[in-house]
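>>> Build me a structure from this.
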Amino acid sequence: MMRRSPGQKALAGVVAGMALLALPLPGQAADSLADLLRPFPGPPSVLRDRTGRVFGEVRGDRHQHAVALADVPASLRQALIDTEDFGFYGNSGFDPKGLARAMFKNLLSGEAREGGSTITQQLAKTLIQDRRKTLDRKVREAVVTVQLTRELTKDQILERYLNEVWWGRGAHGVAAAAEVYFGQPASRLDAGQGALLVAMLKGPSQYDPFTDDGLDRLLHRQRFVLGRMIDAGHLSGVALEREARGERVADWRAKRIGAQRMRRALGLRTSPRDDHGWFRRRLQGVLEARFGPARVQEGGLVVQTTLDARLQALAVAAAEEAVRTDGQRMGFGQVAMAAVEPGTGQVLALVGGVGATDYDRTMANLQPGSCMKPFVYLAAFAAGRSPEDVVVDAAARYPAGQGRWYQPRNDDGRIYGPLTLRAALEQSVNTIAVRTYADLGRQPVDAILRAAGMRGPHPRDLTLALGSGATNPIELAAAYAAFANKGQWVQPQLHTRVVGGGLDERPAPRRAEVAPAYAVSQLVSVLSGVLERGTAKGQGIGRPAAGKTGTTSAFRDAWFVGFTPQLSLAVWVGNDDRAPMKEGAFGGRVAAGIWRKVMKEWHAGLSIRSFPAAPPPAQTPSPGPTWDPLGDEAPVVLPGARDVDEAVSSPSPLTAGTPSVVGTPEPAATRFDAPTRPRLPGALP
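Residues are numbered from 1 along each chain as shown. Presented below is the predicted three-dimensional model:
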């Protein structure tokens, strides 16, 4: 028997005596057990994807909600007691014999394999949330331990412990831990999985199964837990006895089984990555703006969402791979994506960024670059112009008032002479886009932008044609979805139904006609050529598709927004600090490559559909008013006169909680979207 010094005996006596009397130290207020046992949050809202499968919950800051002790598997409860507090149901909250036994076994093994504190003491420590290594804290824990023992039954203590204890990775309580590590409710955990969770309690960060070193330590600790259960006669079974004997550990150590295969064998998630996080957080903002935080976080709502889990996983993986493989080489650190279904406006996937970040770039104000040009050309086609109309590319300047002039230039400095509008848009020629806008005037283009949900801000000058305004991936994906839907824009939405607490709401999205179907059909035929022979040549997906590249000045933003009859996907690539990417980081390279990967994989197995053709109108509309490029009355201003048009469409519900601007839009001309400029298809001699 170990002998203690007189001082140690005296200290132990003081602590034990004060605990038994439940008295605070002099000058110290006693902890109120009622305050410590604060109510758990109400049930979170449950989120279902478009197939009806539950993929997540919306809860408050504490990743925690209570589960009844009866809903925790008996094997997990027994593993906890056998490992942490073998005499739990028989002790008075303290276990001196257990403490002595643990000290003796740890001394023999040469490592701290067992703890001496009881489950009740551990609960007291968790409730107090004081990590100071002081006598004051120890006394507080002892006092609360006595209070717990006096006022709660053993089952109540065990239930509270299971719902309070920290399991790492943001998980408070067994319900959250089961979701974080196994992706399922606690009630469905088997004996081996329960033993893994109990094993993690020794140190969640050291026994983290999502790291290889943590997984190695966790396997050994699980073997110990299962062994304790077998020794106590509380567990049998060939498979678990095999684990307890260490055969799985031996397979792992001999590298006969890899880390990911081992995680799958244990029923663990293979990665802590939350593929649905961006979608869930954006939806939470929308729901809380509509129903209030309390009702959403603790009201037990059931939300039918628009999420396509497969597409979401593909988009997240593609974004991470792009940053990992091309980020350093091309000078970018972030990727954002938004996918919208034409015809319904349903947002099927969202990627707000890559890495440890909560900043949602799908709602950030970003320069669209040449992705704005299709709206100008659509206005031209709606006014009676044809993709085959020829425009002469020549040096031109536009009055900007006060004796100043605005002269757009192509990035390579060349002048191309006669070009069809089709060739000019396929090859993203800046000068012809500006001239087309100048010929049309602002009104028809503004009308199309408003109808397409492009809220801006948009500049009141000719640089709008080159994308000097601001937008975001969700807006662009929804606007381009209208091109695939015969010109019918549908307000983007993240959910289709909310049920619970007497509520049954089915939101009805707004709709608008962007342009006549025939004009849209002409635009789609031109944008199809972007993938066939234009600035995104080589990025096709083996089925009818169309889209537009965008690259802003100094390679600060790279875009590709493309669509099929089934899906519209916007991809943005860049840096949060607006630092330029490397020379050559064109939208047709970095963004279109990501787009192609996601779209090709998602469409695999789907039927091949063609874009609908629309007959020409019975009477061709007359062109709108034109501007004389050199006329004194031309309503144009130089870049830098930032008189922003306030006449924009009403806010979308998706803008609830919109983050601040990533970078101030620049009025500088957009770059070409191709690294070289061969002879343009459709160019006339």
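>>> Got phi/psi on the residue nearest the centre of the chain?
The centroid of the chain falls nearest to Trp278 when counting by Cα atoms, centre = their mean (1.9 Å). Phi and psi for Trp278, reported as degrees, to the nearest 10, are phi -60, psi -40.
>>> what sits against it?
By Cβ atoms under 8 Å, 6 or more residues apart in numbering, Trp278 lies in contact with 316, 350-353, 360, 362. C-betas here are computed from N, CA, C, even on glycine.
>>> for Val499, same thing?
301-304, 505.
>>> Partner strands of the helix or strand encompassing it, with direction?
Using DSSP states H and E, the element containing Val499 is strand 495-500. With DSSP bridges as the criterion, the sheet partners recorded for strand 495-500 are strand 302-305 (antiparallel), strand 503-505 (antiparallel).
>>> Indicate which one of the ones you listed is closest to Tyr416.
If you check each of these against Tyr416 by Cβ to Cβ, strand 302-305 wins as the nearest, at 47.4 Å.
>>> Met599 belongs to a strand, doesn't it?
No. Judged by DSSP: H, G, I helix; E, B strand; the rest coil, Met599 forms no part of a strand; its state is helix.
>>> coming back round to it: quick check: helices, which of the contacts of Trp278 are part of them?
Val316 (DSSP state H).
>>> Output the contacts of Trp278 as CSV; include the columns neighbour count.
Shown next, in CSV, are those (neighbours: other Cβ atoms under 10 Å):
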residue, neighbour count
Val316, 24
Leu350, 31
Val351, 31
Gly352, 25
Gly353, 21
Asp360, 22
Thr362, 27
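>>> Which residue ranges of the stretch 451-600 of the chain form strands?
Using DSSP state E, counting those that start in this stretch, the strands of the stretch 451-600 of the chain run over 488-490, 495-500, 503-505, 511-513, 546-551, 557-563, 568-574.
>>> So in that sheet, which strands flank the last one, and in what orientation?
So the one you mean is strand 568-574. Here strand 568-574 is paired, per DSSP bridges, with strand 334-340 (antiparallel), strand 557-563 (antiparallel).
>>> send the alpha carbons of that strand over as PDB?
Coordinates of each C-alpha in strand 568-574 appear next as PDB, following Å, rounded to 0.1, in the frame of the first residue of the first chain:
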ATOM      1  CA  SER A 568     -26.400  25.200 -65.200                       C
ATOM      2  CA  LEU A 569     -23.100  25.400 -63.400                       C
ATOM      3  CA  ALA A 570     -21.000  28.600 -62.600                       C
ATOM      4  CA  VAL A 571     -17.300  28.200 -61.600                       C
ATOM      5  CA  TRP A 572     -15.200  31.000 -60.200                       C
ATOM      6  CA  VAL A 573     -11.500  30.800 -59.500                       C
ATOM      7  CA  GLY A 574      -9.300  33.500 -57.800                       C
END
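>>> relative orientation of it and strand 546-551 in degrees?
Strand 568-574 runs at 10 degrees relative to strand 546-551, counting by axes from the mean of the first three to the mean of the last three Cα atoms, to 10 degrees.
>>> Likewise for the second one?
Relative orientation of strand 495-500 with respect to strand 546-551: 90 degrees, computed using the same axes, to 10 degrees.
>>> how about strand 495-500: buried residues?
Using 16 or more other Cβ atoms under 10 Å as the test for burial, strand 495-500 gives 495-496, 498, 500.
>>> Please apply the same query to the third one.
Applying a neighbour-count criterion of 16+ other Cβ under 10 Å, one finds nothing buried in strand 503-505.
>>> So what touches it?
For strand 503-505, the surrounding residues in contact (Cβ under 8 Å, 6+ apart) are 291, 301, 497-499.
>>> I'd like the distance between Leu268 and Pro492.
35 Å (Cβ to Cβ, to the nearest Å).
>>> scratch that, Leu606
Per Cβ to Cβ, Leu606 is found 21 Å from Pro492.
>>> Look at Met245 and report its pLDDT.
Quick fix: residue 245 is Arg, not Met. Looking at Arg245, its pLDDT is 62.
>>> I should have written Arg282 there, sorry.
Arg282 is assigned 95 on the pLDDT scale.
>>> Quick check: buried residues in whichever strand or helix holds it?
Using DSSP H and E, Arg282 sits in helix 277-291. Counting neighbours by 16+ other Cβ under 10 Å, one finds that the buried residues in helix 277-291 are 277-288, 291.
>>> Equivalent analysis for stretch 517-530, please.
By 16+ other Cβ under 10 Å, the buried positions in stretch 517-530 come out as 517-524, 526-530.
>>> Need the mean per-residue confidence for that stretch.
Across stretch 517-530, pLDDT averages out at 97.
>>> Now do that stretch: distance to the chain's middle.
Averaging C-alpha positions (Cα atoms, centre = their mean, to the nearest Å) puts stretch 517-530 32 Å from its chain's average.
>>> same thing with stretch 201-218?
25 Å.
>>> And stretch 307-324, by the same measure?
10 Å.
>>> again, but for stretch 188-208
The answer for stretch 188-208 is 27 Å, by Cα atoms, centre = their mean.
>>> Please enumerate residues in contact with it?
Identification of contacts with stretch 188-208 by Cβ under 8 Å, 6+ apart yields 73, 75-76, 79-80, 83-84, 115, 165-169, 174, 177-178, 181-182, 209, 214-215, 217-218, 221-222, 224-226, 229, 235, 237, 239-240, 243, 266-268.
>>> Among the residues you listed, which ones are in helices?
75-76, 79-80, 83-84, 174, 177-178, 181-182, 214-215, 217-218, 221-222, 224-226, 229, 239-240, 243.
>>> now the residues you listed: which count as buried?
Using 16+ other Cβ under 10 Å as the burial test, those include 75-76, 79-80, 83-84, 174, 177-178, 181-182, 214-215, 217-218, 221-222, 224-226, 229, 240, 243 as buried.
>>> Model confidence for Pro635, exactly?
pLDDT, Pro635: 35.
>>> What is the burial count for Pro544?
17 (other Cβ atoms under 10 Å).
>>> Correction: the previous question concerned Val434.
Counted with other Cβ under 10 Å, Val434 comes out at 26.
>>> what secondary structure does it sit in?
From three-state DSSP, the assignment for Val434 is helix.
>>> Please determine how far it is located from Thr120.
Between Val434 and Thr120 the computed distance is 76 Å (Cβ to Cβ).
>>> Could you pull out the helices in the stretch 301-450 of the chain for me?
With DSSP state H, counting those that start in this stretch as the criterion, the stretch 301-450 of the chain has helices at 309-330, 373-382, 421-426, 430-440, 442-451.
>>> just checking, what packs against the third one?
In this structure, helix 421-426 packs against helix 373-382, strand 390-393, helix 430-440, helix 517-532, with contacts taken as 3 or more Cβ pairs under 8 Å, 6 or more residues apart in numbering; DSSP states H and E.
>>> 10 Å - rerun?
If you count contacts as 3 or more Cβ pairs under 10 Å, 6 or more residues apart in numbering; DSSP states H and E, helix 421-426 packs onto helix 373-382, strand 390-393, strand 417-420, helix 430-440, helix 517-532.
>>> Low-confidence bits of the stretch 351-500 of the chain, can you list those?
Residue ranges of the stretch 351-500 of the chain with pLDDT under 70: none are present.
>>> could you dump the strands of the stretch 451-600 of the chain to CSV with distance to Gln402?
Shown next, in CSV, are the strands of the stretch 451-600 of the chain (distance: least, Cβ to Cβ, whole Å):
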stretch, distance to Gln402
strand 488-490, 38
strand 495-500, 51
strand 503-505, 54
strand 511-513, 38
strand 546-551, 31
strand 557-563, 31
strand 568-574, 35
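>>> Which one, of these, ends up nearest to Gln443?
With Cβ to Cβ as the criterion, Gln443 lies closest to strand 511-513 of the strands of the stretch 451-600 of the chain, at 16.4 Å.
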